[in-house]
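1. sharing a model that was predicted from the sequence below.
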Amino acid sequence: MVSKIQKKLCSDCKARFDVDWSELEEGDAISCPECNLEYVVVRDRKGSLKLVESKEFDLSDDDDSDGFDDDESEYDYDSD
């Protein structure tokens, strides 16, 4: 397999690092070697692979970050 290496410019620290596309699949994550900002491999509308910051790529359907389901209470009180 032919290596497809490209340079990536980190959007946070502006460091340049190599991305070997021949070793990446959709859903894989890589980090900037300088600042550890995580990028996720996604497919764009044309079907091409690209990197997006993991904080921009959120699989959840809401911003509920408390770890509880919407129908669960954060506190479990007995009502005696």
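-> Received the coordinates, thanks.
2. distance of residue 26 relative to residue 13?
-> Distance of residue 26 to residue 13, computed by CB to CB, to the nearest Å: 25 Å. For every residue, glycine as well, the C-beta is placed using N, CA and C.
3. kindly report the same for residue 27.
-> Using CB to CB, residue 27 is found at 24 Å from residue 13.
4. residues contacting stretch 37-57, please?
-> Applying CB atoms under 8 Å, 6 or more residues apart in numbering, the external contacts of stretch 37-57 come out as 8, 10-13, 19, 21, 24-32.
5. just the strands in this protein please.
-> All strands of the chain, identified by DSSP state E, fall at 5-9, 16-20, 29-31, 38-43, 49-53.
6. could those go into TSV alongside mean pLDDT?
-> Below are these laid out as TSV (pLDDT from 0 to 100):
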stretch	mean pLDDT
strand 5-9	95
strand 16-20	96
strand 29-31	96
strand 38-43	95
strand 49-53	93
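7. report pLDDT for residue 54.
-> Listed pLDDT for residue 54 reads 88.
8. any idea how many residues pack against it?
-> 14 (other CB atoms under 10 Å).
9. going forward, begin numbering at 13 instead of 1
-> Taking 13 as the first residue, the last one we looked at is residue 66.
10. now do the nearest residue to residue 44 once chain neighbours are set aside against residue 29, distance only.
-> Spatial nearest neighbour of residue 44, chain neighbours left out: residue 22 (4.2 Å); criterion: CB to CB, 6 or more residues apart in numbering. To residue 29, residue 22 is 7 Å away according to CB to CB.
11. re earlier: quick one, what contacts the residue nearest to residue 44?
-> With CB under 8 Å, 6+ apart, residue 22 has these contacts: 28-29, 44, 46-47, 49.
12. ok, of those, which come out buried?
-> The neighbour count (16 or more other CB atoms under 10 Å) marks 44, 49 as buried among the contacts of residue 22.
13. give me the buried positions along stretch 44-58.
-> 44, 49, 51-53.
14. likewise for stretch 25-41?
-> 31, 36.
15. contacts for it, please.
-> The contact list for stretch 25-41, computed with CB under 8 Å, 6+ apart, reads 13-22, 42, 44-47, 49-55, 61, 63, 66.
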